[in-house]
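Participant: The amino acid sequence is not available; the structure is as follows:
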Ligand code: ADP
Ligand code: ZN
Ligand code: ZN
């Protein structure tokens, strides 16, 4: 019997056995349609075997082998197995979630980009006279292929029935599909490399270090914004593309990909580039994925999900803004694309570059300990582009209006007069985070969550940012009837209207999730900013990331203090990264930039390090804190989360889980059951248990023992998950 073990998108850790009809051959990595219950589903063949543990009559046959695309490469299957093991997520769900949606459905896929075909080893050994004479088209194809590799389009030109004949030849194993060899595309045209700068000594050193690494090496490229990291990327890419390699470039934000796509295309106009992110339509994403798999796409630019793209000639991986939390998936397979990328580079034996102006503490620590190589750029690449000067405005003795100090207003006014752009950064959308009754102290709580309803004045709504619940703004206090309801705190809309009132002539643009919701809105805004049609930008972190606004010279930061003394131990690390990034928007061109930070703690070491542009000093402080508190990167963590409508059920489940953990008597630290940071969301109670250990290996050993025990616990009406290396609590 020919048995195949198939990965299916099911919440079970097992593979499923099916039997193949006689004469049908499959390979691991091939997709198949199989019966499951009363449905037919798509799965991926993970193993082929001669027999099964199941009784023969219980094994159902494979309905169809989907062979219009080549099988997933063994290397990708290994990567997915690793992810399933490491993140303790069912293998089938892991494999299927790594595929574009189209490839998970039974619908046939038509390849827009033509694959290439060649004779297989047996095909080459084949005596053509043995092929039945009536199979004219097959004969023709085989003859043509003896001359070399041909594209599907070239084969189609041989006969209208070429696709059918080709299919038969593929099935018989005489012909196989191949990825287009890079030399075929590039040697003809050469590889154009536009606008290559002559590298500075520091840049050259970085490029040399990476290109001289034979095989795997993980490089942490630490350089302030504008220090020329991107220029290093393109030089490295050029080198790898010339050698026929493919490059995988991971970026945190979908928003950034169109710009970056254009940018890299302009630098390498004749290297095929595709992007992969969740903003693409299913069809385009599938096509791009297939072009990467076929090897025709040389540069793959994508968000975290792109880390699972098959890349037969992968030669270099770059993770830009490696510290960014969006590389971590927060549901399903809770993977860190950065960490998976490192595994992948290691598996493939190629270098990986992690770039950032503010590396994650994990990466920085690894660079200190020598696991990664540290490459530092300490100055901006363009001598004229000075780093911005930073000043703190002490809010404890400042006169504030709608959260904006008089000093900042004055600076904004002067900048307006100079005709230069300003940015006011506040990480809170809406008008105010909460509405309050001045008589009885009523607050606009969300009825479903442990959070507040945010006041959105524009459409006169109170809206929960956690569950989406919304109501009209009440005319009077729902509790005491008092008509005087006051907004408390500030959001982007409030700052926008306050600034508009103060500077009626100024062209003010608000950029946050609300104002950029419509497709294309953000692109249009970016153009406005670039074309100097905006004087003052008011916005959230959307504005902080990676955008280059040459006329922007003043940045004001409102309200960053919450993160300084937060219960989340990563909050201040994130704040530093965010502020360094916002500050990096100022003065990139020939104009010096200035950053004003409103804070009640101007002497906090975070602001001091920021003022001195001294990430290293800050990282050292944080590392010392983390070490003495026993936090990552000095320990590895896993979080067991549970949520359900019944609070008692959630806590009972976690308590049992905790007892099971303790009973295992493995030397890991098992903390108590505690409420989540947001203890109630959308009418669900949420709680968690943290487990940590200094040894990653031991923690994994513990998890292997614990997971089956958790699986066996009664968990009616609740959802639970394990989050390995969690970033959010
Ligand atoms: P980063 O990615 O670190 O923010 P970039 O690579 O975008 O920095 O470089 C910042 C600016 O400096 C860009 O305008 C870039 O063209 C320019 N630049 C980078 N490297 C050089 C160089 N070696 N010589 C001249 N200009 C450079
Ligand atoms: Zn009241
Ligand atoms: Zn809510």
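Facilitator: Good, I have the coordinates. All of these numbers come straight from a predicted model, not from anything done at the bench. Ligands and ions are numbered 1, 2, ... in the order given.
Participant: Give me the buried positions along stretch 274-285.
Facilitator: 274-277, 280, 284-285 (16 or more other C-beta atoms under 10 Å). Backbone N, C-alpha and C define where each C-beta goes, glycine included.
Participant: Please identify which of those is nearest to residue 324.
Facilitator: residue 277 (13.9 Å; C-beta to C-beta).
Participant: Can you tell me the closest non-neighbouring residue to the closest one?
Facilitator: Distances taken as C-beta to C-beta, 6 or more residues apart in numbering place residue 303 nearest to residue 277, at 4.2 Å, with adjacent residues excluded.
Participant: And that neighbour, how far from residue 35?
Facilitator: Plainly put, residue 303 is 35 Å away from residue 35 if you go by C-beta to C-beta, to the nearest Å.
Participant: Between those two, point out the one with more neighbours.
Facilitator: Neighbours were tallied for residue 303 and for residue 35 using other C-beta atoms under 10 Å; the higher tally belongs to residue 303 (22 against 13).
Participant: Test my guess that the more buried one contacts residue 255.
Facilitator: No. At 9.9 Å, residue 303 does not count as touching residue 255 under the criterion of C-beta atoms under 8 Å.
Participant: and the next element down the chain from the strand or helix carrying residue 168?
Facilitator: Taking DSSP states H and E as the definition, residue 168 sits inside helix 162-172. Next in sequence after helix 162-172, counting helices and strands by DSSP H and E, comes strand 175-178.
Participant: which residues sit against that next one?
Facilitator: Contact partners of strand 175-178, identified using C-beta atoms under 8 Å, 6 or more residues apart in numbering, comprise 70, 115-120, 123, 141-142, 145, 149, 166, 169-170, 294.
Participant: can you rerun that using 6 Å?
Facilitator: 70, 115-118, 120, 123, 169 (C-beta atoms under 6 Å, 6 or more residues apart in numbering).
Participant: Okay, the closest residue to residue 635 other than its chain neighbours and residue 631: tell me how far apart.
Facilitator: Excluding its sequence neighbours, the residue lying closest to residue 635 (C-beta to C-beta, 6+ apart) is residue 692, at 4.5 Å. According to C-beta to C-beta, residue 692 and residue 631 sit 8 Å apart.
Participant: ok, which stretches of the stretch 501-650 of the chain are helices?
Facilitator: 521-530, 571-583, 605-611, 615-629, 647-663 (DSSP state H, counting those that start in this stretch).
Participant: any idea of the mean pLDDT in the fourth one?
Facilitator: What helix 615-629 shows for mean pLDDT is 96.
Participant: Same check on the second one?
Facilitator: Summarised as a single mean, pLDDT over helix 571-583 is 93.
Participant: Contacts for that helix, please.
Facilitator: Counting by C-beta under 6 Å, 6+ apart, 323, 357-358, 361, 388, 425, 544, 555, 560, 563-564, 595, 606, 610, 618, 622 sit against helix 571-583.
Participant: how about a cut-off of 8 Å?
Facilitator: So helix 571-583 is contacted by 224-225, 323-325, 356-358, 360-361, 388, 390, 423, 425, 427, 541, 543-546, 555, 557, 560, 562-564, 566, 593, 595, 597, 606, 609-610, 615, 618, 622 (C-beta under 8 Å, 6+ apart).
Participant: Now that helix: buried residues?
Facilitator: Buried residues in helix 571-583, counted by 16+ other C-beta under 10 Å: 572-583.
Participant: which one among those gets closest to residue 412?
Facilitator: residue 582 (15.4 Å).
Participant: how near is the closest one to residue 277?
Facilitator: Note on residue 582: its distance to residue 277, by C-beta to C-beta, is 23 Å.
Participant: do the same with residue 97
Facilitator: Distance from residue 97 to residue 277, by C-beta to C-beta: 15 Å.
Participant: Repeat that for residue 662.
Facilitator: Applying C-beta to C-beta to residue 662 and residue 277 gives a distance of 42 Å.
Participant: quick revisit: so which of the contacts of strand 175-178 is the most crowded?
Facilitator: Neighbour counts for the contacts of strand 175-178, by other C-beta under 10 Å, peak at residue 169, which reaches 25 neighbours.
Participant: shaky segments in the stretch 101-250 of the chain?
Facilitator: 110-115, 151-154, 156-157, 160, 179-190 (pLDDT under 70).
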